[in-house]
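Enquirer: My questions concern the predicted model and sequence given below.
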Amino acid sequence: MPTETFEFQVEARQLLQLMIHSVYSNKDVFLRELVSNASDALDKLRLEKLKDDSLDADVSDLHIELDIDKDARTLTVRDNGIGMSYDEVGQLIGTIANSGTARFLEELRESKDAAGEEGLIGQFGVGFYSGFMVADEVTLVTRRAGEKQGTRWTSRGEGTYTLTTVEDAPQGTSVTLHLKPADPENQLHDYTSPWKVREIVKRYSDFITWPIRMTPEGAATDEGEPEPETLNSMKALWARPRDQVSDDEYHELYKHIGHDWRDPLETIRLQAEGTFEYQALLFLPAHAPHDLFTRDFRRGVQLYVKRVFIMDDCEALLPPYLRFVKGVVDAADLSLNVSREILQQDRHIEMMRRRLTKKVLSTVKDLMAEESDRYATFWREFGTVLKEGLVTDAENRDALLAVSSFASTHHDTEPTTLKQYVERMKDGQDDIYYLTGESRQSIENSPHMEAFRARGIEVLLLTDPVDEVWVDAVGEFEGKKLRSVAKGEIDLDGEDAKAAESEREKQSEEYAGLLDWMGKHLADDIKEVRLSSRLTVSPACVVSDANDLTPALENMYRAMGQ
Ligand code: ADP
Ligand code: MG
């Protein structure tokens, strides 16, 4: 087959332009990205071979190799992993499927200034393309395990790439970077220096479970081939005692498995011994991903069995409302070819999930008690998801309520916990009041708030759709009912209630004619017109029955087609 030339997809072209003209100061990370891809490719091959022993692939010495050619100014990252077919190269390398990246480009178009650009590159992984930060041409040669023919992909990053079939490609993938001309001013960024390469691997990729080897250039001796040197320790971070691992090392692992370029908010470590042994290293990210509320959000952590990678996105290990948690769970006593279906039913996995869930919640609780800034970040990013648990996880409802906080009329910006609300309740106040709506402002402007404001009674201001659901599911807190100020009759005055009642009866008679007239005219839209003591300024407001859906919920169900 002759060489064919293709155009990059529009988004891919934009991203490449950005990489080529990158102002991003930390260019070293390109190597982390290529090593990360190589490591994924080795994981995939090992798994595929495990599932299908007849696959024609050599898995006897899976590894990553780095090759420097000083004269040609090239750096090659080679793996003998799963590789890609001709079609896959076009699909995976020529386009951008990741929705996060598409969103990234959109933000970039809006930002325009260089500082914003750098910040944005730091926020989004850009994977394979980051090679173009340091290279003016990239060549990729790959052969998919089990296939005869290989493929060569080349590009200068300027709008097009070429594909050619090759006959003699080894199994796996090699990516060769033709490095940009050396900058005499800046020796620090000389990627043809073995010292530099060794240092980057140590810093970013030490925990990679496959050997990363480098053969020193021109080191051939009389004995023959030079000895390759393994650059990484390959030690599984989750199996090492905490005091022997630096925060930076944990963070690099997080970036690899979380496909995030930023540090995590918190690292959680758990060792379980006994009949079912496992180790877990979990991370709370510092930022919610854009697709957290979409159906195809890939949730779950990585599952290993005795240091061997088994699967990504293992959703059986944590409940859906903790889907943003990233990390690794390494179980000692599972079969290597355990399936998702088996995991869903396994009694030990169920116990593990319960324990991990409690551990995550107790970590959030500690953050709340000791690190209020970080707790605030956590709650801002993930509070909405966590509140789903108030509805779905009765077992942990109390723990979840303890770490939940809500906007309230008590303070303009600081949220409150239910416990704090109850401590501030006025004498004679029996219930916890809340109002749901689209925004804090729209709630505060609601006529329902008037009587509460006039009496200085605190009201929780709930603005997430899920709030409508959990308040009903939870019902009460410490014996105090959660009550919407927009529903049913509300008795705010306790003692004075009787007097008010007779006063109202008198007024009702007085206004009977008017109420009757209004009731008739509005009969199609409302159930009843009655006098109210809840308003102080507005002349009228619409109220639901205690059992009715709130307007926001009605909208939500309508949107869902129900
Ligand atoms: P990501 O790793 O986040 O998916 P990348 O841009 O780094 O994004 O890589 C895009 C895709 O290209 C990968 O998901 C993978 O399918 C494929 N790929 C990249 N490098 C390799 C490799 N060394 N071996 C096999 N496939 C690869
Ligand atoms: Mg990648």
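Expert: Thanks, I have the structure now. Ligands and ions are numbered 1, 2, ... in the order given.
Enquirer: Contact residues of the stretch 201-350 of the chain facing ligand 1?
Expert: Within the stretch 201-350 of the chain, the positions lying close to ligand 1 (CB under 6 Å from any ligand atom) are His259. Glycine gets a C-beta too; all of them are placed from N, C-alpha and C.
Enquirer: Now the stretch 201-350 of the chain against ligand 1: closest residue?
Expert: In the stretch 201-350 of the chain, no residue comes nearer to ligand 1 than His259, which is 5.0 Å away by CB to the nearest ligand atom.
Enquirer: tally of neighbours for that residue?
Expert: Residues within reach of His259, counting by other CB atoms under 10 Å, total 17.
Enquirer: Ignoring the adjacent residues along the chain, who's closest to Glu315?
Expert: Sequence neighbours aside, Gly300 is the residue nearest to Glu315 in space, at 4.0 Å (criterion: CB to CB, 6 or more residues apart in numbering).
Enquirer: is it true that that neighbour touches Pro320?
Expert: No: here Gly300 lies out of contact with Pro320, judged by CB atoms under 8 Å, at a distance of 9.5 Å.
Enquirer: neighbour count winner among the two?
Expert: Comparing Gly300 with Pro320 by other CB under 10 Å, the one with more neighbours is Gly300, at 22 against 14.
Enquirer: Sticking with the closest residue to Asn337 other than its chain neighbours, tell me its helix or strand.
Expert: Distances taken as CB to CB, 6+ apart place Leu50 nearest to Asn337, at 5.8 Å, with adjacent residues excluded. With elements taken from DSSP states H and E, the one containing Leu50 is helix 29-51.
Enquirer: Give me the distance between that helix and the centre of its chain.
Expert: Relative to its chain's centre, helix 29-51 lies at 21 Å (CA atoms, centre = their mean, to the nearest Å).
Enquirer: Tell me how many other residues surround Ala394.
Expert: Counted with other CB under 10 Å, the neighbours of Ala394 add up to 12.
Enquirer: picking up where we left off before, quick check, pLDDT for the residue of the stretch 201-350 of the chain closest to ligand 1.
Expert: In the predicted model, His259 carries a pLDDT score of 79.
Enquirer: From Asp313, how far out is it?
Expert: Between His259 and Asp313 the computed distance is 11 Å (CB to CB, to the nearest Å).
Enquirer: hey, what's in contact with both of those two?
Expert: Overlap between the contact sets of His259 and Asp313, as judged by CB atoms under 8 Å, 6 or more residues apart in numbering, is nil.
Enquirer: what's near enough to touch the nearest residue to Tyr433 once chain neighbours are set aside?
Expert: If the residues on either side of it in the chain are set aside, Tyr433 comes closest to Val459, at 4.7 Å by CB to CB, 6+ apart. Under the criterion of CB under 8 Å, 6+ apart, the contact list for Val459 reads Ser408, Thr409, Tyr433, Tyr434, Leu435, Met449, Phe452, Val485.
Enquirer: Ser205 now?
Expert: Residues in contact with Ser205 (CB under 8 Å, 6+ apart) are Leu31, Arg32, Val35, Ser36, Ser39, Ile212, Asn232, Glu252, His256.
Enquirer: Met518 too?
Expert: When contacts are counted by CB under 8 Å, 6+ apart, Met518 touches Val529.
Enquirer: Where does it fall, secondary structure wise?
Expert: Counting by DSSP H and E, the element that carries Met518 is helix 512-521.
Enquirer: Could you list the buried residues of that helix?
Expert: Of the residues in helix 512-521, Leu515 count as buried by neighbour count, 16 or more other CB atoms under 10 Å.
Enquirer: Dump that helix to CSV, keeping only the CA atoms.
Expert: Included here for helix 512-521 are C-alpha records, laid out as CSV according to Å, rounded to 0.1, in the frame of the first residue of the first chain:
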residue,chain,number,x,y,z
ALA,A,512,-65.0,35.5,52.1
GLY,A,513,-66.4,37.3,49.0
LEU,A,514,-63.0,38.1,47.6
LEU,A,515,-61.5,34.6,48.2
ASP,A,516,-64.6,33.0,46.6
TRP,A,517,-64.3,35.2,43.6
MET,A,518,-60.6,34.6,43.2
GLY,A,519,-61.1,30.8,43.7
LYS,A,520,-63.7,30.7,40.9
HIS,A,521,-61.5,32.7,38.4
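Enquirer: rewinding a little: as TSV, the contacts of Val459 with secondary structure would be great.
Expert: Below are those laid out as TSV (DSSP: H, G, I helix; E, B strand; the rest coil):
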residue	secondary structure
Ser408	strand
Thr409	coil
Tyr433	strand
Tyr434	strand
Leu435	strand
Met449	helix
Phe452	helix
Val485	coil
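Enquirer: which one of these sits closest to Gln149?
Expert: Closest to Gln149 out of the contacts of Val459 is Tyr434 (64.6 Å), distances taken as CB to CB.
Enquirer: picking up where we left off before, against ligand 2, how distant is the residue nearest to Tyr433?
Expert: With distances taken as CB to the ion, to the nearest Å, Val459 is found 48 Å from ligand 2.
Enquirer: what comes up buried for the helix holding Leu50?
Expert: In terms of neighbour count (16+ other CB under 10 Å), helix 29-51 has its buried residues at 29-49.
Enquirer: and it with ligand 1, contact?
Expert: Yes: Helix 29-51 lies within reach of ligand 1 by CB under 6 Å from any ligand atom, at Glu33, Asn37, Ala38, Ala41.
Enquirer: what lines up beside the helix or strand encompassing Asp312 in the sheet?
Expert: Under DSSP H and E, the secondary-structure element containing Asp312 is strand 308-314. According to DSSP bridges, strand 308-314 forms sheet pairs with strand 301-305 (antiparallel).
Enquirer: taking the mean pLDDT, what do you get for the partner strand?
Expert: When the per-residue pLDDT values of strand 301-305 are averaged, the result is 90.
Enquirer: Next one: the closest residue to ligand 2 within the stretch 151-300 of the chain relative to Thr165, how far apart?
Expert: Residue of the stretch 151-300 of the chain nearest ligand 2, by CB to the ion: His259 (7.0 Å). From His259 over to Thr165 the distance is 31 Å, taken as CB to CB.
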